[in-house]
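**Q** Fold the following and give me the result.
(chains A and B)
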2 protein chains.
Amino acid sequence: MQLLKDRILKDGVIKEGHILKVDSFLNHQMDIKLINEIGKEFKKRFSDANITKILTIEASGIGIACIAAQYFDVPVVFAKKSQSINLDSDMYTSKITSYTHQRTYDVILAKKFLSSDDHVLIIDDFLANGCALKGLIEIIKQAGAALEGAGIVIEKGFQQGGNILRKEGVRVESLAIIDSIDNNSIIFR
Amino acid sequence: MQLLKDRILKDGVIKEGHILKVDSFLNHQMDIKLINEIGKEFKKRFSDANITKILTIEASGIGIACIAAQYFDVPVVFAKKSQSINLDSDMYTSKITSYTHQRTYDVILAKKFLSSDDHVLIIDDFLANGCALKGLIEIIKQAGAALEGAGIVIEKGFQQGGNILRKEGVRVESLAIIDSIDNNSIIFR
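**A** A predicted model of the protein is given here:
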């Protein structure tokens, strides 16, 4: 998606440890016009799939998933990262390890919001080692729902999450795949 | 907002401790059509204000803020609940205590995303004791920005946050104010 790649080149900031900061438009401040175009692009790429629900994980995936959901005309459900006293005991659960936050989370989703009737599109802002995606796929398996695919805004192609998941047969559609951010320059696939 | 009140009566669940669960349409599963109507209503109520930025806090406020932002044609910034290695050191910070999670969070926002030129609308899903709102207002004060008001989906009118903030001169627009959820029935103001 050229509009997104241009924006990454313009406003993305490379930090030590292969960290790409896109917090001026994607995951701290959010450019809603750009995210609207991202939502349209996900719909275009998954127009052949019969999606009934969009699944994401808090926090930065939620806004993107909600904007995209308008084009799919389906509800969003978001997995939560820790047990809350405000939630049902009847939960799907998995674990993910966050590269950014260097910790392991319990991920939970109320069972009543995902069933074997559902055809699920996962949406998230980043795909790197794939841990978050694997955690969400585990929840979809527990529900007996059908995984239609994953729509990712930015994939770090130099980490292995995307490759591994595609080999396992998961349909991963990433709007920008970065193959290298060495030497302070960004190279797209 | 009658559509919202009707939905709360239909799908809201009252739990012990004056907890109202609206997780089937607002803050775990999200009914995007309803949230679109909520976004329009916020725009209607704040149509006289010259908003330049919408501020919310992760996680459940983000989706509502993003959908609403489409009607204001402004970016969303969301405050984060804990320090991340992926964030700048140059942050506005405040503290909030979550009633639901029974803990105190550090709340942070990168300084570069809020300035004294901004006119800010806060959007959040719930207002009860007002701690989250006060934390966000503190961040707006640190930025020297103008607080135009707060758009709240559901206010628990039997808790004091809304009353206190209105007395302090904050423009609080709540789309549904609940005065009582005793005896397993919901009474709106």
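**Q** pull the longest strand from chain A.
**A** Longest strand in chain A, counting residues (DSSP state E): strand A:146-156.
**Q** In chain A, which residue is most central in space?
**A** Residue closest to the mean C-alpha point of chain A, counted by CA atoms, centre = their mean, is A:Asp124 at 1.4 Å.
**Q** Would you confirm that that one belongs to a strand?
**A** Yes - assessed by DSSP: H, G, I helix; E, B strand; the rest coil, A:Asp124 belongs to a strand.
**Q** From B:Lys80, how far out is it?
**A** Counting by CB to CB, to the nearest Å, the gap from A:Asp124 to B:Lys80 is 17 Å. Using the backbone N, CA and C atoms, a C-beta is placed for each residue, glycine as well.
**Q** What distance do you get for A:Ala59 to chain B?
**A** Separation of A:Ala59 from chain B (CB to the nearest CB, to the nearest Å) stands at 4 Å.
**Q** Skip the chain neighbours and tell me the closest residue to that residue.
**A** The shortest distance from A:Ala59 to any non-neighbouring residue, by CB to CB, 6 or more residues apart in numbering or on different chains, is to B:Glu58 (3.6 Å).
**Q** how about that neighbour, what does it touch?
**A** A:Glu58, A:Ala59, A:Ser60, B:Phe78, B:Ala79, B:Lys80, B:Lys81 (CB atoms under 8 Å, 6 or more residues apart in numbering or on different chains).
**Q** can you check A:Asp118 too?
**A** By CB under 8 Å, 6+ apart, the residues touching A:Asp118 are A:Thr52, A:Lys53, A:Ala143, A:Ala145, A:Ala146.
**Q** near chain B, from the residues you listed?
**A** When those are filtered against chain B using CB under 8 Å from any CB of the partner chain, no residues are retained.
**Q** Which of these sits closest to chain B?
**A** Among the contacts of A:Asp118, A:Lys53 lies closest to chain B (CB to the nearest CB), at 8.4 Å.
**Q** Tell me the backbone dihedrals of the residue nearest to that closest one when sequence neighbours are not counted, please.
**A** Leaving out its chain neighbours, the residue that sits closest to A:Lys53 by CB to CB, 6+ apart is A:Asp118, at 4.9 Å. Backbone torsions of A:Asp118, given as degrees, to the nearest 10, read phi -90, psi 140.
**Q** now A:Asp118: how far from B:Lys111?
**A** Per CB to CB, A:Asp118 is found 42 Å from B:Lys111.
**Q** and A:Gln159, how far is that from chain B?
**A** To chain B, A:Gln159 is 15 Å away according to CB to the nearest CB.
**Q** residues in contact with that residue?
**A** Contacts of A:Gln159 by CB under 8 Å, 6+ apart are A:His18, A:Ala128, A:Asn129, A:Gly130.
**Q** Same check on A:Gln70?
**A** Taking CB under 8 Å, 6+ apart as the test, what A:Gln70 contacts is A:Gly39, B:Ile32, B:Asn36, B:Ile67.
**Q** ok, now how distant is the last one from B:Val153?
**A** Meaning B:Ile67. According to CB to CB, B:Ile67 stands 11 Å off from B:Val153.
**Q** repeat for A:Asp124
**A** A:Asp124 sits 25 Å away from B:Val153, going by CB to CB.
**Q** And A:Ile8, by the same measure?
**A** 33 Å.
**Q** Who has more neighbours out of those two?
**A** Neighbours of A:Ile8 and B:Val153, each counted by other CB atoms under 10 Å in any protein chain shown, are more numerous for B:Val153; the result is 27 against 21.
**Q** Looking at the contacts of A:Gln70, which is nearest B:Arg166?
**A** The closest of the contacts of A:Gln70 to B:Arg166 turns out to be B:Ile67 (CB to CB; 25.3 Å).
**Q** show me what contacts that closest one?
**A** B:Ile67 neighbours (CB under 8 Å, 6+ apart): A:Cys66, A:Ile67, A:Gln70, B:Ile32, B:Ile35, B:Asn36, B:Ile38, B:Gly39.
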